[in-house]
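S.K.: 3D, please:
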Amino acid sequence: MNNIRFSASLKTLALLLLAPCLFSIPAFGQATTGTVSGHVSDPTGNILNGAHVSILDVDTGIVTTTATNSSGEFIETALPPGHYTITVELTGFEKADIPAFELNIDQKARFNIPMKIGAV
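M.R.: So this is what the prediction gives:
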């Protein structure tokens, strides 16, 4: 009989310890960063593959670099909220600058960046 009481007490104790875990609401999927993406083209709208893209966090001075793909697209995810500028460079074209903009949590900032033909 003592074994039955002991077993029931263990079950009750285990349930009391596990209850907070069973009834808590998971916090999965809460975003804490933003995304910057864009399309880079020449003055006639043709895509520019391999353009060098620099994304500067004005608040921290950290620069993230990437390049456009074969579709003229670039994307940087997981950027912390803050103020950013974008600079795009490619041989044969003038440098293109996107002035400072604010990136918020879970924001997807997208830019179409036409580049002017420059000195070769």
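S.K.: which parts of the protein are helices?
M.R.: 2-23 (DSSP state H).
S.K.: quick one: low-confidence ranges for it?
M.R.: The chain contains residues with pLDDT under 70 at 1-29, 119-120.
S.K.: strands of that one, start to end?
M.R.: Remark: strands assigned in the chain by DSSP state E are 34-41, 52-57, 63-67, 73-79, 82-89, 96-103, 108-114.
S.K.: could I have the fifth one exported to CSV, CA atoms only?
M.R.: The C-alpha coordinates for strand 82-89 follow below in CSV (Å, rounded to 0.1, in the frame of the first residue of the first chain):
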residue,chain,number,x,y,z
GLY,A,82,19.0,50.3,-38.0
HIS,A,83,19.9,52.9,-40.6
TYR,A,84,21.5,51.7,-43.8
THR,A,85,23.0,52.9,-47.1
ILE,A,86,23.6,50.8,-50.2
THR,A,87,26.5,51.3,-52.7
VAL,A,88,26.6,49.4,-56.0
GLU,A,89,29.7,49.2,-58.2
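S.K.: can you pull the buried residues of that strand?
M.R.: Within strand 82-89, the residues scored as buried using 16 or more other Cβ atoms under 10 Å are 82, 84, 86-88. Where you see a C-beta, it was placed from the backbone N, CA and C, and this is true even at glycine.
S.K.: and Ser71, how far is that from Thr35?
M.R.: 17 Å (Cβ to Cβ, to the nearest Å).
S.K.: for Ala100, same thing?
M.R.: For Ala100, the distance to Thr35 equals 17 Å [Cβ to Cβ].
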